[in-house]
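# Curious how this folds, go ahead:
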Amino acid sequence: MNVEEIIKTEKVIPLESRTIIHFMLVNSKINEVISNALKPFEVSEQQFNVLRILRGQNGKPANLSTLNDRMVTKMSNTTRLVDKLILKGFVDRITCPSNRRKVEISITSEGKKVLNQMDKAMAKAEKYLLNNLSKKELEQLNILFDKF
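Purely as a prediction, here's the structure:
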């Protein structure tokens with residue numbers, strides 16, 4: 001990916017700026033491919049993330065705070081994400097009768113079923129995005145990302 005060609009400039013971009021622009025372009029490409037992979041399921045990346053977190057709870061419900069803490073993209077509208085997943089039948093929300101402020105969310109069997117299908121689409125998207133990188137390069141890239 002040649003940054004200068006993509007942003008159509010002939011100027012020499014300083015290394016630091018070029019690096020940040022590269023990150024932004026890569027992020028944009030990843031978001032585009034992931035969004036397209038999830039489009040047939042009519043879920044956003046954030047909704048997909050919530051479903052994966054809930055599946056990882058192994059049958060134990062999670063509260064909104066747990067979901068928000070574990071989200072890849074931190075956001076304040078976790079309640080809205082959960083509401084949309086409830087409407088789709090992918091998650092259930094149970095309000096504790098003794099403490100109405102305590103809300104527990106769990107994935108439904110339908111949510112697990114569709115998430116398994118999403119996993120296949122995501123694996124295909126990941127393979128597409130990373131096909132030009134060797135395992136060693138991916139390991140090196142992750143080491144560099146960890147420095148952030």
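# C-alpha only now, for contacts and for neighbours.
Fine.
# In the protein, mark out all the helices, start to finish.
Chain-ordered helices for the chain, with DSSP state H as the definition, fall at 3-6, 15-38, 45-56, 64-70, 78-87, 109-130, 135-146.
# Compare these and report which one is nearest to Arg93.
Among those, helix 78-87 comes nearest to Arg93, with 7.5 Å by Cα to Cα.
# Show residues contacting that closest one.
The list of residues contacting helix 78-87 from outside it, by Cα atoms under 8 Å, 6 or more residues apart in numbering, reads 46-47, 50, 64, 67-68, 91-93.
# could you measure Leu67 against Gln46, distance?
Taking Cα to Cα, to the nearest Å as the criterion, Leu67 is separated from Gln46 by 11 Å.
# Please identify which of the two sits among more neighbours.
It is Leu67, of Leu67 and Gln46, that has more neighbours when counted by other Cα atoms under 10 Å, with 20 against 17.
# How about the contacts made by the more buried one?
50, 53-54, 78 are the contacts of Leu67 under Cα under 8 Å, 6+ apart.
# residues making contact with the lowest-mean-pLDDT helix or strand in the chain?
The helix or strand of the chain with the poorest confidence is helix 3-6; it has a mean of 78 (mean pLDDT, DSSP states H and E). Contacts with helix 3-6, where a contact means Cα under 8 Å, 6+ apart, come from 10-13, 18, 21-22.
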